[in-house]
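Visitor: What follows is a predicted protein model with its sequence.
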Number of protein chains: 2
Amino acid sequence: MAGLRSLYKDEAEPGLKSNFDVDYVIHYKIPTQDTEKAEAEAAFIQLIKALSTVGFATEVRNGGKSSLLVFTKIASDKLLNNQVYRSRLQDWLYGVRIHAPNQDVNKYFEDEPVSEAERLRLAYLLITKPRNEGGAGINPKTGQWKNVSSIFPLHDHNFNRQWIQQWSKKYYLEEGDITQIRDRFGERVAFYFAFLQAYFSFLLFPAAFGFAAWLLLGQFSWFYAIVNCLWSVVFFEHWKTKETDLAVQWGVRGVSKIQHPRPQFQFEREAQDPVTGEAIRVYSPFKRLARQMLQVPFALACASVLGGLIVSCFAIEIFITEVYTGPFKQYLTFLPTILLTIFMPTLQTLLTQLAERLTALENYETHDAHQASFVQKIFVLNFITSYTPIFLTAFIYVPFGKILVPYLDIFQLTAQKFTAQGKPLPTKSWEINPDRLTKQVIYFTVTAQIVNFATEVIVPYVKRKVFKAVEEVSEKKNGNGDALKQQDLPEEADFLSRVRNEAELDVYDVTVDYREMVIQFGYLSLFSVIWPLTACSFLVNNWVEARSDAMKIAISSQRPIPWRADSIGPWLNALGFLSWLGSLTSAAIVFLFNSSKQDGSPWDISAWGLLLSILFAEHIYLVVQIVVRNVIAKLDSPGLQKERAQRFQMRKQLLEQTFGANAGGQEVELETDGPAVRGGEKITRAALEEEARQLSTKGGGSPETLFWLRQRGADETIQIGRALISEVSESNSNKTKVATQ
Amino acid sequence: MAGLRSLYKDEAEPGLKSNFDVDYVIHYKIPTQDTEKAEAEAAFIQLIKALSTVGFATEVRNGGKSSLLVFTKIASDKLLNNQVYRSRLQDWLYGVRIHAPNQDVNKYFEDEPVSEAERLRLAYLLITKPRNEGGAGINPKTGQWKNVSSIFPLHDHNFNRQWIQQWSKKYYLEEGDITQIRDRFGERVAFYFAFLQAYFSFLLFPAAFGFAAWLLLGQFSWFYAIVNCLWSVVFFEHWKTKETDLAVQWGVRGVSKIQHPRPQFQFEREAQDPVTGEAIRVYSPFKRLARQMLQVPFALACASVLGGLIVSCFAIEIFITEVYTGPFKQYLTFLPTILLTIFMPTLQTLLTQLAERLTALENYETHDAHQASFVQKIFVLNFITSYTPIFLTAFIYVPFGKILVPYLDIFQLTAQKFTAQGKPLPTKSWEINPDRLTKQVIYFTVTAQIVNFATEVIVPYVKRKVFKAVEEVSEKKNGNGDALKQQDLPEEADFLSRVRNEAELDVYDVTVDYREMVIQFGYLSLFSVIWPLTACSFLVNNWVEARSDAMKIAISSQRPIPWRADSIGPWLNALGFLSWLGSLTSAAIVFLFNSSKQDGSPWDISAWGLLLSILFAEHIYLVVQIVVRNVIAKLDSPGLQKERAQRFQMRKQLLEQTFGANAGGQEVELETDGPAVRGGEKITRAALEEEARQLSTKGGGSPETLFWLRQRGADETIQIGRALISEVSESNSNKTKVATQ
């Protein structure tokens, strides 16, 4: 991957060397309208005052293109430490940390130093938190801060260079590599790479097995389908454990409970929190439910719009490639692809915007809830666009093709009108094309992945280079760029021009990468029985994916805000859903196509056989899932073990503090006047009971007191017990004697 | 229920008045063999010494029938308080309690007094815990203690009388009634009654709806099936929340994490616990897994043995009632019932014993794991015996009857041999009896419930009375009973004779009652679509059931050891399973029988239609379950709210202790020399930067220091920012001017 490394070849570029201790850069747009100038100035003053009040040092520079760059850093170590301590204390109170922070602050920060991710996260929270929670309340592009276009940390290019170089040389990423990511970019990004790595390792098996199956079993093998389903169950359950394990190791287990409020949340009324007694802002859950209901028409709209487009293109394609034999066939073949390429991205962008609007309309209190709801919609969208073509071929085109193809005459009739000759178009008699399904799967699992890589990495890179060149030319013409450079102080000029570049970069969105991987997993789970080499293709793709995603973060995006996370969040459900659906589709595909191979015609299938095999497959899947879950739960994960050990230590310490060293429970304090075993003076039962009786006649106590006074001490109980045993034994043996006599 | 109350009519019976402060009675059998006398004596001495060492006061009395009664109580309040404090501290450390016990012990026990259940539980643990954990290590019928036949607490008959009287007068049990049970008999028994009560309340709806459906919709209505499934989902999900809620209210949430080791556990080797570092006893999990695998042949054995018996009786019954027309028909009709009544209980007892053996073989470390595994097996057993007959009728007899009945000729041929006349038996041509299914369901949901009630309550009561009478007669003949009474001290005689009675009673097993209710729920969920009045019958039955179970505990059983629990345990899974299976069977039954009503013959069904309706029903069920679960999760339960409020209070207190009163985060300590907003003296940007430049030329610092020195304080940043904004605005407006000119 020398090509990747060369992107960072400009080692000596001076602007990349240092970040000048900057924590965050605030990109402040100056409105071009003269009328808004006063307002912008006032807001700018507010901005600097707000930052200064919560303890940020500020520096302002010209940002170019009618904008300012406000550089901020947490002014004092004391403030930073205060924030870190407070945050860790909160973690402990919410059960995220096991040990309370040490009271001796200096020693504490020596033992547990502050990572870069932690500092940046707390600084970001300090900037964005509402004022009544001690923050500056600055949120880009909202209300008062509409001129603040972004708040971003600066890349640590020394680290990035090293990172990309290391990864491009390595075949296999280790846990240490992921931990490195975590310390720089936070747990949320680290979880993505951990997931990608776990998925990559797990792909080794289906790649090897798939290759063998492809050689030996061929397509549509039920054996491959079973192994593949089993694998997806094991992978899913393993990841769930691995996820918890990582969360424990990174000390973030349960952070999803600590919610960040969404500043965009609009409340209806204030109410008293039944838990905290504080005033909280409430939005009626019924109204939200009503708005959530809009997801149903949204899903239907997606299905009909995208599905309609896909079905139309599909029909046109079949007509042209398999029925039509007239003129221009070689050009017309591209028609459906052209239609798809034009309309699909447009529709997808529109629907994604609609999804964003809908999610905003649902008006969630917290970031996480908002994000989860958005992810759900995006998943529906991507599910439809990614899998519908294959579903159509497998479950409509092949089994019902003979019934449906005659309806394609519509195209013929339409086309006739345009050709205006009134003659029927030349067609050939139609036969189901059995290779179509396989070709489609290969397209989606190989070609589409490569296209994806290109659009994700190469296109933005080229685009940026081109834009840059154009800009430089136009700036040269205007003399703007040079003017800016001349204004800058010479020792800062390189740094500032680099920051101006970073301000123009995209924000890195981990959701996009998760989506890609989850959809990919879906192809494997749902359709790999059609083409067992699927996993091989994905294995290669994902090796590159991990590196190209790293590059995307390091070079093509602003440095992400290092958020914490304790799982891959809503994508987990999507994975589980796809894994489950895989059991259904695999069974159905095997049933439909395996038998079709034998008698040549896929049409003569029995509906009840199909349903029975689906029903069976699904229930076997569910049972296997329960079994795998239990087996995996039995295997102890190192992270959970560590957590339990820590908890145990804490308990033991506390118990020792309370009960002294021997806290196991061995020694029990006995009262000296208690009924311990006393030395054995010979006492007769009669004498003792006589004593008690005397006490009672003297009116010495209630029956309860007397009852417990008859045998004073264990020795007396033993003696009387022995006497009773002897008595009973004697009478027993007497009885037996009587009986035997 | 005047009859129930009259059982306690003997209010004046003197032995029931007081328990003489006894905590536990240990029933010690004296072996009848003379040779074992010495051993029994030695063991008895050990027993008393062990009790005395851990701090119990002891009294021994003659138990009658060759046994001793050892009365014990915790000798001192200090020891008891010590135990309670330790146990509550442990609860806190395991997260069961939210607040740590107060250090001021006296005040603490005033605030949170010790309930009877708590005292008895701790006393029992003190008796049974191994010696190295501070207990006396006495476990009935094991090893050294083989002569200890039972350890039981004494009934509080004053409470019991009041309890039974109250409940028999009430139509509806309230939360207070359940809490009362909890304080006396512990959370494990209380959870059963809470479940029974929740189930009873929930039955009101299907009873009313079922009655309406029976009047208006008739049998096999798909609408009833849907409503019934929905109801069972709602009930199941509601109970899960209710259960957590109760656990929080009772302060036992999470107690299932505090495990009691099983004394019967046999270890293979000792190892070091990776968590605690202590020596632990290990049994290979693979060996256990291998033994758990025996559950599969066990389930198959149950299915074949019980299923075989049921199928045979079923076949005989059909032959005799529906085919056979010969002599003795009126007597032969009873043959299958007789066969079932003879063989079924025997087989069930045998298989239950086998299940016990198997579970013991699986060798679990803890009581809970052992119990859960046993419950699983018992559930399989009961599932087969309870539901197979109806399954047979619905899914074999009706759809395949015409094919299978001719094979019943076997009986004809067999019978011919015995009649020895060689003539074929007189038979009639067979037709499927469509009422058979309904009759069967009515039998299981009405008749069987009544029979069950009789065998559970009335039979044991009568049996005990009869045994008692026989015993008294025989004792009178031998003069034994009188001799015993004469030996007793007069003020104790009544009390002792009552304790001798209680020692003979059965141990109350809450599992049996749970099983009954869960199996009953199964009839409702699986088959009530056949006869919608099912829920009405159960409603009446369960009203009586709650009272008769109370009576069973109060009168026919030893007082149960008040164990804690935080849920209904393994039965929850059984409920979920039955609720899910209900969606399948209801759909299948409605499909089979609803259509059969229309065209008269149930045979002409399409297999794919059946499978499709099952597939649909199941997936709708699963979707509904997810929806209901989410909706219920949204509704805040009072218990969880209380818990959260407590946790919040604790956090707030801790934060206040650490950061002072204003811990919300409002105020942030600012360094006095930090970059706060300073008063605005007029500074020009040029002058300032000149200053910095001078500093740099003097070698005053690194570029990083200098960068942050250029604008000293927020005021300077603001001024320079304003200057920049003006500059940019000007150049913008110049540009527009140029453009417009």
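Guide: Happy to help now that I have it.
Visitor: What average pLDDT does whichever helix in chain A runs longest get?
Guide: The single longest helix within chain A, with elements called by DSSP state H, is helix A:175-216. Mean per-residue pLDDT for helix A:175-216: 93.
Visitor: what residues are up against the most centrally placed residue in chain A?
Guide: In chain A, the C-alpha nearest the mean C-alpha coordinate belongs to A:Ile568, at 1.6 Å (CA atoms, centre = their mean). Residues near A:Ile568 by CB atoms under 8 Å, 6 or more residues apart in numbering or on different chains: A:Phe191, A:Tyr192, A:Phe195, A:Glu243, A:Tyr514. No exception for glycine: its C-beta is placed from N, CA and C like everyone else's.
Visitor: Do you know the pLDDT at it?
Guide: 91.
Visitor: Could I get the phi/psi values of it?
Guide: Dihedral angles of A:Ile568 (phi, psi; degrees, to the nearest 10) stand at phi -80, psi 10.
Visitor: And it, how far from A:Phe235?
Guide: Between A:Ile568 and A:Phe235 the distance is 13 Å, computed by CB to CB, to the nearest Å.
Visitor: mind showing which ranges of chain A have poor pLDDT?
Guide: Applying pLDDT under 70 to the predicted model, the residue ranges of chain A that meet it are A:1-15, A:275-276, A:411-412, A:415-431, A:475, A:478-485, A:595-605, A:655, A:657-701, A:735-741.
Visitor: which SS class is the closest residue to A:Gly63 other than its chain neighbours?
Guide: In space, not counting the residues next to it along the chain, A:Gly63 is nearest to A:Leu69; the distance is 4.1 Å by CB to CB, 6 or more residues apart in numbering or on different chains. A:Leu69 carries the three-state label strand when classified by DSSP: H, G, I helix; E, B strand; the rest coil.
Visitor: can you tell me which residues contact A:Leu69?
Guide: When contacts are counted by CB under 8 Å, 6+ apart, A:Leu69 touches A:Val25, A:Ile26, A:His27, A:Tyr28, A:Val60, A:Arg61, A:Asn62, A:Gly63, A:Leu496, A:Val499, A:Arg500, A:Ala503.
Visitor: Remind me which helix or strand the first one belongs to.
Guide: Meaning A:Val25. Here A:Val25 sits within strand A:24-29, counting by DSSP states H and E.
Visitor: Can you name the element that comes right after that strand?
Guide: On the C-terminal side of strand A:24-29, the nearest following helix or strand under DSSP H and E is helix A:37-54.
Visitor: helices or strands next to that following helix in the packing?
Guide: Other elements packing on helix A:37-54 under the criterion 3 or more CB pairs under 8 Å, 6 or more residues apart in numbering or on different chains; DSSP states H and E are strand A:24-29, strand A:56-62, strand A:67-74, helix A:116-128, helix B:714-740.
Visitor: How about the residues of the stretch 101-250 of chain A by chain B?
Guide: If contacts are counted using CB under 8 Å from any CB of the partner chain, the residues of the stretch 101-250 of chain A sitting beside chain B are A:Asn132, A:Glu133, A:Gly134.
Visitor: In ChimeraX, how would I select just the buried ones from those residues?
Guide: Typed into ChimeraX, the next command selects the buried ones out of these (criterion: 16 or more other CB atoms under 10 Å in any protein chain shown):
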select /A:134
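Visitor: if we can go back for a sec, which residues does the residue nearest to A:Gly63 bridge with?
Guide: Each beta-bridge partner of A:Leu69 is listed here: A:His27, A:Arg61, as defined by DSSP bridges.
Visitor: Can you show me the strands along chain A?
Guide: Taking DSSP state E to define them, one finds strands in chain A at A:24-29, A:56-62, A:67-74, A:148-152, A:269-272, A:279-282, A:506-507, A:557-558.
Visitor: nearest to B:Tyr397, of the ones you listed?
Guide: B:Tyr397 lies closest, by CB to CB, to one member of these: strand A:279-282, at 58.3 Å.
Visitor: quick one: strands adjacent to that closest one?
Guide: strand A:269-272 (antiparallel).
Visitor: What residues does the stretch 351-500 of chain A have near chain B?
Guide: The stretch 351-500 of chain A has residues A:Leu489, A:Glu491, A:Glu492 near chain B, with proximity defined as CB under 8 Å from any CB.
Visitor: Ramachandran angles for the first one?
Guide: What that stands for is A:Leu489. Dihedral pair for A:Leu489: phi -70, psi 140, per degrees, to the nearest 10.
Visitor: returning to that earlier point: return the member of the contacts of A:Leu69 nearest to A:Phe220.
Guide: Taking CB to CB as the measure, A:Ala503 is the one of these closest to A:Phe220, at 53.5 Å.
Visitor: Correct me if wrong: the closest one contacts A:His27.
Guide: Yes: with contact defined as CB atoms under 8 Å, A:Ala503 reaches A:His27; the gap is 4.7 Å.
Visitor: What ranges does the stretch 601-741 of chain A have for its helices?
Guide: Per DSSP state H, counting those that start in this stretch, the stretch 601-741 of chain A has helices spanning A:607-634, A:638-659, A:685-697, A:703-709, A:714-740. These are given in chain order.
Visitor: want to throw those into JSON lines with distance to B:Lys17 and mean neighbour count?
Guide: Rendered in JSON lines, the data for the helices of the stretch 601-741 of chain A read as follows (distance: least, CB to CB, whole Å; neighbours: other CB atoms under 10 Å in any protein chain shown):
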{"stretch": "helix A:607-634", "distance to B:Lys17": "52", "mean neighbour count": "16"}
{"stretch": "helix A:638-659", "distance to B:Lys17": "40", "mean neighbour count": "15"}
{"stretch": "helix A:685-697", "distance to B:Lys17": "17", "mean neighbour count": "14"}
{"stretch": "helix A:703-709", "distance to B:Lys17": "10", "mean neighbour count": "17"}
{"stretch": "helix A:714-740", "distance to B:Lys17": "25", "mean neighbour count": "17"}
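Visitor: As JSON lines, those helices with distance to B:Leu122 would be great.
Guide: Shown next, in JSON lines, are the helices of the stretch 601-741 of chain A (distance: least, CB to CB, whole Å):
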{"stretch": "helix A:607-634", "distance to B:Leu122": "32"}
{"stretch": "helix A:638-659", "distance to B:Leu122": "16"}
{"stretch": "helix A:685-697", "distance to B:Leu122": "29"}
{"stretch": "helix A:703-709", "distance to B:Leu122": "19"}
{"stretch": "helix A:714-740", "distance to B:Leu122": "21"}
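Visitor: Could I get these in JSON lines, plus columns for distance to chain B?
Guide: Rendered in JSON lines, the data for these read as follows (distance: least, CB to the nearest CB, whole Å):
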{"stretch": "helix A:607-634", "distance to chain B": "4"}
{"stretch": "helix A:638-659", "distance to chain B": "4"}
{"stretch": "helix A:685-697", "distance to chain B": "7"}
{"stretch": "helix A:703-709", "distance to chain B": "5"}
{"stretch": "helix A:714-740", "distance to chain B": "4"}
